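Novice: Below is the sequence, then the predicted model.
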Amino acid sequence: MDSLSFSHLPCLLLIISSLFSAATARASISASEAEKVPLALYYETLCPYCSNFIVNHLIKLFNNGDGLVSIVDLKLLPYGNAKIGPNGTITCQHGPAECLLNTVEACAIDVWPDLSQHFSFIYCIETLVYERKYPQWETCFEKLGLDPKPISDCYNSGYGKELELKYAAETNGLQPPHKYVPWVVVDGQPLYEEYENFISYICKAYKGTSIPSACNELSLNTIVKENVNPAGPVCYTEETIKPTLSSIIGSTIKAWMQRMNRAALI
């Protein structure tokens, strides 16, 4: 897959934001809340396969003219394969950097509950992860015209950790348990190795009358297979990641936390 050009990211985000607004406006007209198909993505922020899924696959929900987002109730859960220690501490698969960004994205979902806002922000961060430029994640505030203070307040107050513990409970309570991330669930059914084919499952599960054009173009002969290796790459739950990624941006995280702590004192 071709990587997105970082120099074009601001323009792309503006286009995406406008598409979100148009698509969500159509959603209120074309499909009732009861008709929408639940779509949940369990992920972790620094798993490269999660960022690939968000940037190159999940974004297709918002393709202009397809109307897919109008029939979907999308829920993002940024926790993934993290572990909770006996004292309530959270250890993330890709180290402290991932814990930070998991919490930042959890705060974004809470602070900006509107899908067009929090997904635009998460898409921006995950694009930087995809391009291995995630130490620049704070630039997403300026690119999208968003105030960073609500996110820093959420993080510094400890509320962000509460959100992460909530996502931990939801993730750890999955039945069947998740085996890897990205873990995609459509209408209560995990897609296993078929996660990149999520649109077909959405179309098959949709029972409403306002059928998006994208569904008319797909074959709906989909069969979920539980014990087959994923077609796309994944981050397994028991996989051990060396802490090199965290050391690369450790100083960046420390500087951000220091700035946020100073801001909280003002």
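Specialist: That came through fine.

Novice: all contacts plus neighbour counts: C-alpha atoms, from now on.
Specialist: Fine.

Novice: Residue 77 looks like it's in a strand, true?
Specialist: Yes: under DSSP: H, G, I helix; E, B strand; the rest coil, residue 77 falls within a strand.

Novice: Tell me where the stretch 101-250 of the chain is predicted with low confidence.
Specialist: 219-232, 239-250 (pLDDT under 70).

Novice: at 80 what do you get?
Specialist: 217-232, 238-250 (pLDDT under 80).

Novice: For it, which segments count as strands?
Specialist: 180-181, 183-186, 189-190, 235-236 (DSSP state E, counting those that start in this stretch).

Novice: of all those, which lies closest to residue 133?
Specialist: strand 235-236 (19.6 Å; C-alpha to C-alpha).

Novice: partners of that closest one, with directions?
Specialist: Applying DSSP bridges to the sheet, strand 235-236 is found paired with strand 180-181 (antiparallel).

Novice: Relative to the whole chain's centre, how far out is the strand it pairs with?
Specialist: Distance of strand 180-181 from the chain centroid (C-alpha atoms, centre = their mean, to the nearest Å) equals 13 Å.

Novice: Can you tell me what sits against it?
Specialist: 42-44, 47, 49-50, 80-81, 234-237 (C-alpha atoms under 8 Å, 6 or more residues apart in numbering).

Novice: Which among these count as buried?
Specialist: 42-44, 47, 49-50, 80-81, 234-236 (16 or more other C-alpha atoms under 10 Å).

Novice: Of those residues, which belong to strands?
Specialist: Among the buried ones among the contacts of strand 180-181, the members found in strands (DSSP state E) are 42-43, 235-236.

Novice: Using CSV, please lay out the residues you listed together with distance to residue 150.
Specialist: Output for those, formatted as CSV (distance: C-alpha to C-alpha, whole Å):
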residue, distance to residue 150
42, 24
43, 23
235, 31
236, 33
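
Novice: Which of those sits closest to residue 191?
Specialist: residue 42 (11.8 Å).

Novice: Quick check: bridge partners of that closest one?
Specialist: Residues in beta-bridge contact with residue 42 (DSSP bridges): residue 77, residue 183.

Novice: What pLDDT does the model give it?
Specialist: We have a pLDDT of 98 for residue 42.

Novice: Just to check, it is in contact with residue 81?
Specialist: No: Residue 42 is not in contact with residue 81 according to C-alpha atoms under 8 Å; the separation is 9.2 Å.

Novice: Could you check how far the closest residue to residue 69 other than its chain neighbours is from residue 157?
Specialist: Using C-alpha to C-alpha, 6 or more residues apart in numbering and skipping the chain neighbours, the partner closest in space to residue 69 is residue 61 (5.2 Å). Going from residue 61 to residue 157 by C-alpha to C-alpha, to the nearest Å gives 34 Å.

Novice: Name the residue in those two with the higher neighbour count.
Specialist: Counted by other C-alpha atoms under 10 Å, residue 61 and residue 157 do not tie: residue 61 has more neighbours, with 20 against 13.

Novice: Assign the more buried one to one of the three secondary structure states.
Specialist: Applying three-state DSSP: residue 61 is helix.

Novice: wait, what's in contact with it?
Specialist: 67-69, 199.

Novice: Show me the contact partners of stretch 161-176.
Specialist: Outside stretch 161-176, the residues that reach it (C-alpha under 8 Å, 6+ apart) are 42, 77-80, 82, 102-103, 106-107, 155, 178.

Novice: Try it again at 10 Å.
Specialist: Contact partners of stretch 161-176, identified using C-alpha atoms under 10 Å, 6 or more residues apart in numbering, comprise 42-43, 76-84, 88-90, 99-100, 102-107, 109-110, 154-155, 159-160, 177-178, 183, 188-190, 226.

Novice: Counting only helices, which of those residues make the cut?
Specialist: Among those, DSSP state H puts 99-100, 102-107, 109-110, 154-155, 159-160 in helices.

Novice: related to what we said a few turns ago, tell me which two of the ones in strands among the buried ones among the contacts of strand 180-181 sit farthest apart.
Specialist: 42 and 236 (12.5 Å).

Novice: where do the contact lists of those two overlap?
Specialist: Joint contacts of residue 42 and residue 236 (C-alpha under 10 Å, 6+ apart) are 80-81, 178, 180-182.
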